[in-house]
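1. Have a look at this prediction, sequence included:
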Amino acid sequence: MKHEIVSSDITVVGGGLAGVCAAVAAARLGQTVSLVQNRSVLGGNASSEIRVWVCGATSHGVHRNARETGIMGEMFVENQYRNIDGNPYIWDLIVLEKVKAEKNITLYLNTDVHEVDADGDESNRTIRSVTGWMMGSERRIRFDSRVYLDCTGDGLVGFLAGAKFRIGREAQEEFQEEWAPLVPDDITLGSTLLFYTKDAGRPVKYIAPSFAKDITQTSIPMKRVIRSGDNGCSYWWIEWGGELDTVHDNERIREELSSVIYGIWDYIKNSGKFDSDNLTLEWIGSVPGKREYRRFVGDYVLNQNDVIAQELFEDRVAFGGWSIDLHPPQGMYATAKGSKHMHMDGSYHIPFRSLYSVNVTNMLMAGRNISASHVAFGTTRVMATCAVIGEAAGTGAALCAAKGISPRELHDGYLSELQQTLLRQDAAVLGLKNADADDLALSAVATASSTLTQLALEQSASVMPLAAHIALLVPADPFIDGVELLVDASEATELTVELWSTGKPQNYVPEAQVTSIQIPVAQGSQQWVKAALAWHPDCAQNAFIILRSNPAVSVHLSASPQTGVLSFKFAGDDQELADFGDMHHHQPVVDWNQKDFVRSPLCFRLLSPTSAFTADKATDGYKRPYGGPHLWSSAALSTSEPEWLEVSWPQPVSIQTVLLTFNDDVNEDLINLHHHRTEFEIIPELVKDYKLQAFINGDWTTVAEKSSNHTRSHTHKLPAAVSTDRLRVLAAATNGAKRVEIVEIRCYS
């Protein structure tokens with residue numbers, strides 16, 4: 001046996017997406033990181049071993065402008081570029097490459113940490129080291145660090161260190177949670193195994209093993225959706241173990257899940273109820289995907305009311321948006337539906353106080369084991385949310401290690417620095433504004449070659465009957481005087497149009513009605529009708545314009561998307577959503593569905609000019625949509641001259657680092673595996689070819705450039721500092737969009 005001691009600034013235990021993002025974030029801030037993973041691949045439940053799709057704040061397109069940025073966003077966009085068909089092994093490589101790109105990370109795969117040396121009393125513990133066994137190598141490795149992150153999911157490191165934790169469901173009275181039980185218990189969400197099938201092109205027989213479950217003797221065929229062509233996470237409901245101990249009974253749970261998969265396949269192949277002659281099993285998981293076990297107690301326990309109210313925590317460091325998604329304890333054998341969902345009106349905030357232990361002074365946690373009630377955990381547990389939590393926790397850990405302080409001391413004394421660091425990294429955090437005193441662009445004047453000031457989509461690509469209410473969302477910046485709509489009418493009629501505010505800046509649902517009007521519509525086709533809906537809000541925000549259903553009217557849709565513009569249809573009791581589980585009553589984001597309008601909004605003309613896309617929006621401090629699009633957009637994409645965005649100062653400044661953020665359309669719901677297919681490899685709105693130029697000695701000098709770009713964030717560290725009073729981004733091409741769009745420019749000396 002070989003004994004080793006490894007010293008680093010930070011040890012991250014757990015190589016799921018939370019641990020990966022935590023390690024990468026800390027390493028990028030200059031700290032040395034040991035990333036320890038007990039499997040041979042990274043990614044946790046998203047890896048090729050388990051193959052769960054990476055869900056997050058978009059909630060499969062329910063929430064708008066909600067896709068994660070930061071490290072998770074980088075992996076989403078890169079996977080789309082390199083792995084559009086969702087090959088799980090290519091996804092493994094993208095996650096591994098993200099880690100290997102950081103020279104400050106040392107990766108230890110197949111290393112199971114099962115010993116923790118910690119001291120102190122119950123209320124003030126400190127981890128001194130953790131020790132793991134590298135399987136297949138006979139290496140016993142001790143990891144010594146100043147700061148530790150438990151990203152294990154099950155929370156083994158914190159448990160062995162004496163961190164306070166919870167398992168199961170809290171009583172309703174503790175947090176006044178609607179979905180909590182009246183009395184506490186130890187019930188958790190169960191675990192799942194998945195399987196893949198393929199068409200062999202010829203008949204394939206299947207003889208079930210002797211241990212296959214006869215599912216006709218269970219409630220499964222009656223209560224669950226079984227289809228012969230489905231794969232992977234379409235069978236998320238093959239879940240069991242919520243009434244057991246999902247860790248200590250893991251093998252029993254695995255065997256039960258496996259027997260049911262073989263039984264389901266027997267039912268599909270041999271019951272005669274499915275077109276499955278040519279189908280064969282391609283892959284069956286052998287590692288159960290766990291949903292829930294220990295949840296550590298932090299300085300704050302996030303609860304259901306915080307999530308639904310979208311509580312604006314002062315120490316917010318990440319966001320989520322997946323519904324509160326809870327499953328019956330009996331899992332696949334339950335007679336109730338496989339899940340129930342409560343959506344908030346938009347993305348919600350996650351506080352830093354929920355990411356560090358209340359009693360272990362040098363431990364942070366990220367992933368499904370953060371400080372949250374069982375009900376709130378029902379939303380924070382999904383992997384893209386775990387990932388952005390990981391980036392926040394890793395950033396916090398890096399600052400703690402650099403300053404020699406605890407996470408609580410970081411919260412109490414350096415919260416602004418933590419949040420500003422996250423913003424600079426393009427992390428997924430909402431409602432925070434760049435206030436970085438070192439960013440020279442904040443004191444610059446921004447100008448541009450042209451600016452989009454007239455919003456209109458006039459070319460019709462299709463027609464939709466106004467059989468249900470339809471809505472159009474546009475920026476009211478600083479005001480609107482109404483819209484014109486392109487409609488057909490089978491007879492003379494009146495169209496009712498209403499204008500609503502959306503409430504919170506991250507929400508895209510009607511919250512309060514501002515005004516309403518009835519418009520006479522003559523019989524005829526492709527006629528523009530005017531809705532004089534004037535609104536002068538106190539601050540720039542979005543206007544939600546509703547067209548009430550009218551069987552005599554049809555509306556026209558464009559084939560050209562427009563940043564800052566969304567369209568919706570009132571879905572009501574949509575059966576497609578109902579198949580997924582029980583929906584909580586009155587969920588506006590479910591009622592108002594955008595799926596029929598992705599990149600195909602209503603044809604319209606905004607009657608007033610807009611200031612939503614002026615050059616100074618690229619230096620206004622916001623890095624994602626929040627009460628408006630918050631980016632500069634050119635009026636068009638010139639075929640003769642590049643479009644440009646310029647920042648200038650009264651006196652020359654010294655610049656050595658420039659950060660650029662391009663628009664990668666965070667409304668586009670990307671996925672790592674197989675839930676749905678997005679048809680383009682590169683987000684069309686991304687700038688493709690550009691030059692960074694400084695005005696030096698009376699002439700524009702190119703100091704950096706890039707061609708064939710397919711990513712959002714770029715850091716240009718110049719070989720030497722440049723003294724200039726003008727700097728510009730010269731964009732020659734996009735990846736298909738009709739305008740150049742830049743979210744942010746930052747300049748540092």
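-> On my side now, so go ahead.

2. which residues does the closest residue to residue 406 other than its chain neighbours contact?
-> Excluding its sequence neighbours, the residue lying closest to residue 406 (CB to CB, 6 or more residues apart in numbering) is residue 361, at 4.7 Å. From N, CA and C alone the C-beta is placed, and that goes for glycine too. Residues counted as contacts of residue 361 (CB atoms under 8 Å, 6 or more residues apart in numbering) are 120, 124, 125, 126, 406, 407, 408.

3. for the stretch 351-500 of the chain, what spans make up the strands?
-> Secondary structure of the stretch 351-500 of the chain by DSSP state E, counting those that start in this stretch: the strands cover 363-365, 445-448, 456-457, 462-465, 470-476, 483-489, 493-501.

4. what residues does the shortest one touch?
-> Right, the one you point to is strand 456-457. 558, 560, 562, 565, 601, 602, 603, 604, 605, 606.

5. closest to residue 689 among those residues?
-> Closest to residue 689 out of those is residue 560 (21.6 Å), distances taken as CB to CB.

6. which non-adjacent residue is nearest that closest one?
-> residue 457 (5.9 Å).

7. ok, the one you found to residue 143 distance?
-> 56 Å (CB to CB, to the nearest Å).

8. do the same with residue 583
-> 45 Å.

9. Could you list every helix and strand that the longest strand along the chain packs against?
-> The residue-count maximum for a strand in the chain (DSSP state E) belongs to strand 713-734. Helices and strands touching strand 713-734, by 3 or more CB pairs under 8 Å, 6 or more residues apart in numbering; DSSP states H and E, are strand 643-662, strand 687-696, strand 699-706, strand 741-748.

10. Off-centre distance for the third one?
-> How far strand 699-706 lies from its chain's middle: 34 Å, per CA atoms, centre = their mean, to the nearest Å.

11. again with the longest one
-> Offset of strand 643-662 from its chain centre (CA atoms, centre = their mean): 30 Å.

12. hey, where'd the helices end up in this protein?
-> 17-28, 70-82, 88-100, 156-161, 172-175, 220-223, 250-270, 304-309, 374-380, 383-403, 407-424, 575-578, 588-591 (DSSP state H).

13. between the ones you listed, which gets nearest to residue 529?
-> Using CB to CB, those put helix 588-591 closest to residue 529, at 25.1 Å.

14. Roughly how far does the closest residue in space to residue 219 that isn't next to it in sequence sit from residue 263?
-> Leaving aside its chain neighbours, residue 219 sits nearest to residue 335 (5.4 Å; criterion: CB to CB, 6+ apart). Remark: distance between residue 335 and residue 263 (CB to CB) = 18 Å.

15. of the two, who's got more company?
-> residue 263 (21 against 9; other CB atoms under 10 Å).

16. Just give the closest residue to that one, not the sequence neighbours.
-> residue 213 (3.7 Å).

17. pLDDT weak spots in the stretch 451-600 of the chain?
-> 573-580 (pLDDT under 70).

18. Over to the stretch 151-300 of the chain?
-> Using pLDDT under 70, the stretch 151-300 of the chain has no residue that qualifies.

19. Contacts only, for the residue nearest to residue 566 when sequence neighbours are not counted.
-> With sequence-adjacent residues excluded and distances taken as CB to CB, 6+ apart, residue 566 is closest to residue 473, at 4.3 Å. Going by CB under 8 Å, 6+ apart, residue 473 touches 502, 508, 542, 543, 544, 545, 565, 566, 567, 568.

20. and the fourth one, how many neighbours does it have?
-> Right, the one you point to is residue 543. The burial count assigned to residue 543 is 23, neighbours taken as other CB under 10 Å.

21. For it, give its distance to residue 571.
-> 21 Å.

22. okay, the strands of the stretch 351-500 of the chain, which one's buried deepest?
-> strand 363-365 (a mean of 31; mean count of other CB atoms under 10 Å).

23. Isn't residue 295 up against residue 166?
-> Yes - Residue 295 lies in contact with residue 166 (CB atoms under 8 Å); the separation is 5.1 Å.

24. Among those two, which residue is more densely surrounded?
-> residue 295 (28 against 19).

25. which residues sit in contact with the nearest residue to residue 240 once chain neighbours are set aside?
-> Among residues not flanking residue 240 along the chain, residue 331 sits closest, at 4.2 Å (CB to CB, 6+ apart). Neighbouring residues of residue 331 by CB under 8 Å, 6+ apart: 190, 237, 239, 240, 241, 242, 338.

26. can you put those in JSON lines and add distance to residue 60 and neighbour count?
-> Putting the contacts of residue 331 into JSON lines (distance: CB to CB, whole Å; neighbours: other CB atoms under 10 Å) gives the following:
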{"residue": "190", "distance to residue 60": "21", "neighbour count": "29"}
{"residue": "237", "distance to residue 60": "15", "neighbour count": "23"}
{"residue": "239", "distance to residue 60": "18", "neighbour count": "27"}
{"residue": "240", "distance to residue 60": "24", "neighbour count": "25"}
{"residue": "241", "distance to residue 60": "25", "neighbour count": "27"}
{"residue": "242", "distance to residue 60": "23", "neighbour count": "23"}
{"residue": "338", "distance to residue 60": "15", "neighbour count": "20"}
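
27. Which members of the residues you listed are the farthest-apart pair?
-> 241 and 338 (14.2 Å).

28. got the end-to-end distance for stretch 401-408?
-> End-to-end distance for stretch 401-408: 13 Å, by CA to CA, to the nearest Å.

29. For it, which outside residues touch it?
-> Against stretch 401-408 from outside (CB under 8 Å, 6+ apart): 9-10, 26, 29-31, 145-147, 299, 352, 355-357, 361-364, 396-397, 400, 410, 413-414.

30. And for stretch 263-271?
-> Contacts of stretch 263-271 (CB under 8 Å, 6+ apart): 195, 197, 205-206, 208, 212-216, 220-221, 226, 228, 235, 238, 273-274, 276, 279, 281.

31. pretty sure residue 151 contacts residue 10?
-> No - using CB under 8 Å, residue 151 is not in contact with residue 10; the gap is 11.4 Å.

32. From residue 72, how far out is residue 587?
-> Remark: distance between residue 587 and residue 72 (CB to CB) = 25 Å.

33. So between these two, which is more surrounded?
-> A direct count of neighbours by other CB under 10 Å for residue 587 and residue 72 places residue 72 higher, at 30 against 18.
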